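J.: Structure for the following, please:
(one chain, ligands or ions: 1)
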Amino acid sequence: MIIVIGAGISGLTAAWHLKQKGKKVLVLEASQQAGGLLQTLQQQNLRLELGPNSILADADLLAWLRELGLDADLEHASEVSKSRFIYKNGQIRGLPSNPMDLLKNNFFSLSTKLLLAKEPFRKAEKIENETISAFFLRRFNREVLEYAVKPFVGGIYAGNPDELLLKYTFPSLLQMEAEHGSVIRGLVKSHALTRKTSLNFAKGMQQLPQTIAQTLEVVYNSPVTRISGQQGAWCVHTPTQEYTAETLILAAPAKQIAEILPKSELADVASILKRITYAQMHVVHTSFEKTAFSALPKGFGVLHPANEGLFSSGTIWTSAVFPKSSAPAQWLFTSFVGGMQQAEYGHLSAPEVKKRVLAELTHHYKAKLEPVYQHHTFWPEAIPQYTAVMNDVENAVNLLTSKGLLVCANWHGGPSVSDCIKKGKLLAEKL
Ligand SMILES: Cc1cc2nc3c(=O)[nH]c(=O)nc-3n(C[C@H](O)[C@H](O)[C@H](O)COP(=O)(O)OP(=O)(O)OC[C@H]3O[C@@H](n4cnc5c(N)ncnc54)[C@H](O)[C@@H]3O)c2cc1C
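T.: Numbering: from 1, shown residues only. You can find the predicted model right below:
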């Protein structure tokens with residue numbers, strides 16, 4: 001038997017594919033529900049995504065969602081949400097969507113535009129363990145780093161590009177430099193800017209893990225407290241029961257895995273996993289009557305570069321992206337506060353975070369009425385950071401794998417929902 005520890009999207013996907021291959025699989029989940037960070041709350045005629053707001057799907061992923069029977073419930077992001085915005089010099093400004101637009105548009109200064117035009121002729125270099133910031137300062141300049149890269153990295157990884165390694169976060173950029181000698185040339189040739197489809201589901205993001213979990217044997221309220229035994233005969237301990245399995249799939253957060261690994265032989269692995277930093281994140285949902293605004297924003301949302309001094313790191317215009325996430329007369333914003341670029345906000349109380357987000361929204365969108373509803377969520381361990389520690393994590397994962405303890409989790413090989421789904425499938429294929 002194979003036991004999967006953790007019923008987040010990583011563990012569930014791996015378990016689903018293994019079951020399809022005819023393997024006997026059991027999933028043990030600490031909480032009372034499936035999904036981990038994918039959590040949806042239906043409240044006040046609103047569909048609130050407490051964790052991820054959407055999933056970026058390619059053709060393979062879409063085919064799998066159809067196989068799961070979710071076809072009729074897929075909600076594609078609206079056409080208008082293809083427009084993205086960045087806050088710059090006190091204004092919400094449209095972000096050019098491709099390198100040619102970048103040159104025509106006045107988002108960047110003339111000197112930066114000249115530099116962008118010259119980038120294809122810059123010498124390619126290979127630098128070991130380069131951070132995202134170092135890479136963009138080497139090939140571009142500080143304006144590109146501060147106004148495009150930092151907010152974008154904050155939006156995806158809740159991370160600080162001064163710390164994140166390029167090879168683990170954007171390996172395709174390294175590949176572009178190696179293969180095409182330039183990022184811009186690589187972007188144009190690979191059509192990498194053609195966006196994939198952003199999706200949600202009729203009952204929200206949690207519908208995905210719930211649908212998968214229904215096809216599996218999942219034991220809820222069963223936190224694994226300890227793993228003992230040896231390769232081929234692992235014993236998994238929960239407060240109420242013990243299970244034996246030939247293979248274990250570790251799909252819980254790194255710190256929890258570190259706590260349950262056999263102490264004697266895997267102490268070094270545990271100490272590496274404990275060194276993985278997680279960004280903290282507040283998520284605030286704010287809804288208004290549409291009549292509160294003389295003009296409603298059109299687009300995906302806006303990112304706030306840290307050097308603009310705003311409180312939130314950005315806001316998704318949720319009702320513009322997924323109109324069914326609010327009643328027709330209502331408007332929903334989803335704002336994010338914290339992350340590694342504003343780590344000092346992690347400790348703030350819910351009332352303070354809600355108040356400051358509301359003040360910012362009221363000011364930016366000129367709200368004439370009070371909001372109808374506000375909801376706050378705090379994730380103390382939102383997103384693992386792919387910093388230099390990941391070099392050690394690679395070795396730790398290899399050692400675990402050699403013992404039949406397979407890792408499928410957001411702290412190795414990519415944190416996005418679609419990364420986790422891809423890894424789950426790949427792991428099952430290899431077993
Ligand atoms: C606020 C926020 C917004 C995000 N936005 C996006 C987005 O828009 N798009 C995107 O692609 N990604 C987004 N992400 C990232 C993405 O949601 C996660 O990286 C991904 O869902 C992680 O899935 P996972 O299964 O690896 O881990 P988790 O979801 O953390 O699941 C781990 C599971 O293990 C269980 N567990 C823990 N300890 C034990 C134990 N001892 N025994 C048994 N079970 C245990 C937990 O209860 C949990 O269910 C976002 C994340 C956050 C926090």
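J.: Got the phi and psi for residue 279?
T.: Main-chain dihedrals, residue 279, degrees, to the nearest 10: phi -80, psi 150.
J.: Please name the bridge partners of it.
T.: residue 383 (DSSP bridges).
J.: Work out for me the element residue 38 sits within.
T.: Secondary structure assignment for residue 38, by DSSP states H and E: no helix or strand.
J.: roughly how far apart are the closest residue in space to it that isn't next to it in sequence and residue 218?
T.: Of all residues not flanking residue 38 in the chain, residue 205 sits nearest, at 4.6 Å (C-beta to C-beta, 6 or more residues apart in numbering). To be clear about C-beta, it is placed using only N, CA and C from the backbone, and glycine gets the same treatment. Going from residue 205 to residue 218 by C-beta to C-beta, to the nearest Å gives 18 Å.
J.: Then residue 312?
T.: 35 Å.
J.: thinking again about what came up before, more neighbours: residue 205 and residue 218, which one.
T.: Under the criterion of other C-beta atoms under 10 Å, the comparison of residue 205 against residue 218 puts residue 205 first, with 25 against 22.
J.: looking at it, the more buried one is touching residue 53, isn't it?
T.: Yes. Residue 205 lies in contact with residue 53 (C-beta atoms under 8 Å); the separation is 7.2 Å.
J.: Kindly report the residues of the chain close to the ligand.
T.: Taking C-beta under 6 Å from any ligand atom as the contact definition, the chain meets the ligand at 5-11, 28-31, 36-38, 51-55, 223-224, 251-253, 256, 260, 281, 283, 379, 382-383, 409-410, 415-418, 420.
J.: Whichever of these end up buried, select them in PyMOL.
T.: Buried residues within the residues of the chain next to the ligand, by 16 or more other C-beta atoms under 10 Å, are selected in PyMOL with:
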select buried, resi 5+6+7+8+9+10+11+28+29+30+36+37+38+51+52+53+54+55+223+224+251+252+253+256+260+281+283+379+382+383+409+410+415+416+417+418+420
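J.: Contact partners for residue 210?
T.: By C-beta atoms under 8 Å, 6 or more residues apart in numbering, residue 210 lies in contact with 33, 34, 35, 203.
J.: I figured residue 332 hits residue 318, correct?
T.: Yes. Residue 332 lies in contact with residue 318 (C-beta under 8 Å); the separation is 4.3 Å.
J.: Touching both of the two, which residues are there?
T.: Common neighbours of residue 332 and residue 318 are listed as 285, 325, 326 (criterion: C-beta under 8 Å, 6+ apart).
J.: Looking at those, which are in helices?
T.: Among these, DSSP state H puts none in helices.
J.: Break down the stretch 51-200 of the chain into its helices, ranges please.
T.: Assigned by DSSP state H, counting those that start in this stretch, the stretch 51-200 of the chain shows helices spanning 59-67, 99-104, 110-118, 132-139, 142-144, 150-157, 166-169, 171-180, 183-190.
J.: want to throw those helices into JSON lines with mean neighbour count?
T.: Shown next, in JSON lines, are the helices of the stretch 51-200 of the chain (neighbours: other C-beta atoms under 10 Å):
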{"stretch": "helix 59-67", "mean neighbour count": "14"}
{"stretch": "helix 99-104", "mean neighbour count": "14"}
{"stretch": "helix 110-118", "mean neighbour count": "14"}
{"stretch": "helix 132-139", "mean neighbour count": "20"}
{"stretch": "helix 142-144", "mean neighbour count": "16"}
{"stretch": "helix 150-157", "mean neighbour count": "22"}
{"stretch": "helix 166-169", "mean neighbour count": "21"}
{"stretch": "helix 171-180", "mean neighbour count": "16"}
{"stretch": "helix 183-190", "mean neighbour count": "18"}
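J.: For these, which has the smallest mean pLDDT value?
T.: Among the helices of the stretch 51-200 of the chain, helix 99-104 carries the lowest mean pLDDT, at a mean of 74.
J.: Work out the gap between that one and the centre of the chain.
T.: 28 Å (C-alpha atoms, centre = their mean, to the nearest Å).
J.: Output the contacting helices and strands for that helix.
T.: In terms of contacts (3 or more C-beta pairs under 8 Å, 6 or more residues apart in numbering; DSSP states H and E), helix 99-104 is packed against helix 110-118, helix 183-190.
J.: got a list of contacts for that helix?
T.: 96, 108, 113, 116, 117, 184, 187, 188, 193.
J.: Double-check the second one against residue 144; I have them as touching.
T.: Yes. Shown here, residue 108 and residue 144 form a contact pair, counting by C-beta under 8 Å, at 7.2 Å.
J.: Overlap in contacts, these two.
T.: residue 116.
J.: And for stretch 158-168, what's in contact with it?
T.: 129-133, 135-136, 145, 149-150, 153, 157, 169, 173-174, 279, 281, 313, 336, 338-341, 382-383, 385-388, 390.
J.: about what we covered before: want to throw the helices and strands packed on helix 99-104 into JSON lines with distance to residue 241?
T.: Shown next, in JSON lines, are those (distance: least, C-beta to C-beta, whole Å):
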{"stretch": "helix 110-118", "distance to residue 241": "60"}
{"stretch": "helix 183-190", "distance to residue 241": "50"}
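J.: quick one: which of those is nearest residue 64?
T.: helix 183-190 (23.7 Å; C-beta to C-beta).
J.: just checking, what packs against that closest one?
T.: So helix 183-190, by 3+ C-beta pairs under 8 Å, 6+ apart, packs with helix 99-104, helix 171-180.
J.: Name the next helix or strand downstream of the helix or strand hosting residue 258, please.
T.: Using DSSP H and E, the element containing residue 258 is helix 254-260. For helix 254-260, the following helix or strand on the C-terminal side (DSSP H and E) is helix 267-274.
J.: What helices and strands are in contact with that next one?
T.: helix 254-260, helix 389-402.
J.: quick one on the thing from earlier: cross the residues of the chain next to the ligand against strands and list the overlap.
T.: 5, 28, 55, 281, 283, 379, 382, 383 (DSSP state E).
J.: ok, so of these, who is nearest the ligand?
T.: Taking C-beta to the nearest ligand atom as the measure, the ligand lies nearest residue 382 of those, at 3.7 Å.
J.: about what we covered before: reformat the helices and strands packed on helix 183-190 as TSV; add distance to residue 233.
T.: Below are those laid out as TSV (distance: least, C-beta to C-beta, whole Å):
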stretch	distance to residue 233
helix 99-104	56
helix 171-180	37
